[in-house]
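Pasting the sequence and the predicted model now:
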Amino acid sequence: MWWKIYFWIYTVIMVLGIIGLFSVLSSFAFVDIVSYILNIVLYVGLYGYVFKKRILEPKWWSIVFWINAVGWTLSIVDWFLLNRQLENALPFLKSGLSLSSGDLLFAVLSSLPALYAVRLLASSKKK
């Protein structure tokens, strides 16, 4: 039951985020596009886990899990520990969106259960 409630809350967050994107679409950078594609894949994984639908093989969910986990870790480390030095050294990692540290934390924390669901999909046995 908790997973279904979280799924619908996450759905509202995703829809509001997509609506908000239309106002800043012109300032999108490459990393923003990749990030939103990964978020959509994460959302599909959450859907598959919550409603017990087999969408991809576990090895693909493992790849999705690790890409998201590494990406989020790099973002948090760069933002809070390196004072955005990594982003400045590697310009392709520079977002076109103006985010605050609160925005980043909200995005990561609200998505952690979805990431966990994808991890569970990755570790599921073949049926």
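Alright, I've got the coordinates.

and the one residue sitting closest to the centre of the chain, what does it touch?
Residue closest to the average C-alpha location in the chain (Cα atoms, centre = their mean): N39, at 3.9 Å. Residues near N39 by Cβ atoms under 8 Å, 6 or more residues apart in numbering: 14, 17, 111. Quick note: C-beta positions are derived from backbone N, CA and C, even for glycine.

measure it to L115 for me?
11 Å (Cβ to Cβ, to the nearest Å).

list the buried ones in the helix or strand of the chain with the lowest mean pLDDT?
Using mean pLDDT, DSSP states H and E, the weakest-scoring helix or strand in the chain turns out to be helix 85-89, at a mean of 73. Within helix 85-89, the residues scored as buried using 16 or more other Cβ atoms under 10 Å are 86-87.

Quick check: what element follows it along the chain?
helix 101-122 (DSSP states H and E).

Could you tell me the average pLDDT over that following helix, please?
Mean pLDDT, helix 101-122: 90.

Check stretch 68-80 too.
On average, stretch 68-80 scores 81.
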